[in-house]
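S.K.: okay, here's the prediction I keep looking at, along with the sequence it came from:
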Amino acid sequence: MAKEKTERDALLVASKVKAYIKSKDFMTSAEAIEGLNEKVYKLIDEALERTKANKRSTVKAADL
């Protein structure tokens, strides 16, 4: 049985990401936006773990 991928809410503005990539003379696939969104979720989850380990409830730039 194939593993279904649960779709998460977008944390990025896709048009802004695409515009930035286009400004560098590259093209963007839909998978690139999805992959970047997943990396952002992972980055945030890791920051939350560091915040929790430091017994804080506020995520700081240093946690990222």
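M.R.: All right, it came through fine. Since we're looking at a predicted model, the values are computed, not measured. Residues are numbered from 1 along each chain as shown.
S.K.: residues contacting the top helix by length along the chain, please?
M.R.: Among the elements of type helix in the chain, defined by DSSP state H, the one spanning the most residues is helix 30-53. Applying CB atoms under 8 Å, 6 or more residues apart in numbering, the external contacts of helix 30-53 come out as 8, 10-12, 14, 17-18, 21, 57-60, 63-64. In this view, the C-beta of every residue, glycine as well, is placed from N, C-alpha and C.
S.K.: centroid-nearest residue for this structure?
M.R.: In the chain, the C-alpha nearest the mean C-alpha coordinate belongs to V40, at 1.7 Å (CA atoms, centre = their mean).
S.K.: tell me how many other residues surround A47.
M.R.: In terms of burial, A47 registers 16 neighbours under the definition other CB atoms under 10 Å.
S.K.: check it and give its pLDDT.
M.R.: Reading off the confidence values, A47 has pLDDT 98.
S.K.: cool, the one 4 residues further on as well?
M.R.: We have a pLDDT of 98 for T51.
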